[in-house]
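Engineer: Next input, structure requested:
(chains A and B)
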Amino acid sequence: AQRVTQPEKLLSVFKGAPVELKCNYSYSGSPELFWYVQYSRQRLQLLLRHISRESIKGFTADLNKGETSFHLKKPFAQEEDSAMYYCALKGMTSYGKLTFGQGTILTVHP
Amino acid sequence: DGGITQSPKYLFRKEGQNVTLSCEQNLNHDAMYWYRQDPGQGLRLIYYSQIVNDFQKGDIAEGYSVSREKKESFPLTVTSAQKNPTAFYLCASSMGDRRTSTDTQYFGPGTRLTVL
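Structural biologist: Below you'll find the predicted structure:
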């Protein structure tokens, strides 16, 4: 079975502070990990995927297989980063199926 | 926005009634998905379809049914057997190509269903 855990339902930081949204997963094989974001009044959309090793809007996430984690980080948070963030996993044999975490609401205060 | 649409935006249903949520996409995607979003529980997969005329149950399929008669359309019926149907329902689609790892899911705007 595959599972994704986001331990923080709510996370508040001040503008300019570093932010880290935690994601831990449980999967026996080699998963693909994703971060999706939902801004207020917008659709859920892909933020980044581990396989691309990219930085999107200043966010990065590194897959740590030893710790089974895929934490999302940004060195200097901005107010426009306030949103709901979901970590998601796709297993090797899961076709397109994604397993989502419970989500973390990030609020960046001015 | 565009590409994948859901209707209606808000839906009210009396207990004991079946109701159908619409999901249409013009992205020429093979795969389509239905999720349910509840506070504190994230998104949970209800049904998915890899190709026309084929679909599989997700993690919480009980009380729901789907059809995939056309590539563009994947309607979800919430039946009276669904014990707690009040929720926000999201439809998504993706290319569904096994050969690539870039199978991004694109989401619709959602339908909020309330059972009265």
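
Engineer: Next one: the closest residue to residue B:83 other than its chain neighbours from residue A:61, what distance?
Structural biologist: Closest residue to residue B:83 apart from its sequence neighbours, by Cβ to Cβ, 6 or more residues apart in numbering or on different chains: residue B:63 at 6.6 Å. Bear in mind the C-beta positions are built from the backbone N, C-alpha and C, glycine included. Here the criterion is Cβ to Cβ, to the nearest Å. By it, residue B:63 lies 35 Å from residue A:61.

Engineer: was I right about the residue nearest to residue B:83 contacting residue B:78?
Structural biologist: Yes: counting by Cβ atoms under 8 Å, residue B:78 is a contact partner of residue B:63 at 7.0 Å.

Engineer: coming back round to it: distance of the residue nearest to residue B:83 from chain A?
Structural biologist: 20 Å (Cβ to the nearest Cβ, to the nearest Å).

Engineer: For the residue nearest the centre of chain B, give me the pLDDT.
Structural biologist: Geometric centre of chain B, nearest residue: residue B:34, 2.5 Å, by Cα atoms, centre = their mean. pLDDT recorded at residue B:34 is 97.

Engineer: Kindly report the same for the one 10 residues further on.
Structural biologist: The score at residue B:44 is 93. That number is its pLDDT.

Engineer: So which residues on chain A come close to chain B?
Structural biologist: Residues of chain A lying close to chain B (Cβ under 8 Å from any Cβ of the partner chain) are A:4, A:6, A:9, A:32, A:43-46, A:49, A:51, A:86, A:90, A:95-103.

Engineer: quick one on the thing from earlier: pick out whichever of residue B:63 and residue A:61 has more residues nearby.
Structural biologist: Between residue B:63 and residue A:61, counted using other Cβ atoms under 10 Å in any protein chain shown, residue A:61 has the larger neighbour count: 26 against 15.

Engineer: Find the nearest non-adjacent residue to that one, please.
Structural biologist: Nearest residue to residue A:61 in three dimensions, chain neighbours excluded: residue A:72, at 4.7 Å (Cβ to Cβ, 6+ apart).

Engineer: so that neighbour makes contact with residue A:34?
Structural biologist: No: using Cβ under 8 Å, residue A:72 makes no contact with residue A:34, being 10.4 Å away.

Engineer: which residues are common contacts for the two?
Structural biologist: A:47, A:87 (Cβ atoms under 8 Å, 6 or more residues apart in numbering or on different chains).

Engineer: Now do the contacts for residue A:30.
Structural biologist: Residues near residue A:30 by Cβ under 8 Å, 6+ apart: A:65, A:92.

Engineer: what about it, which helix or strand?
Structural biologist: Under DSSP states H and E, no helix or strand contains residue A:30.

Engineer: Kind regards, and thank you for your time.
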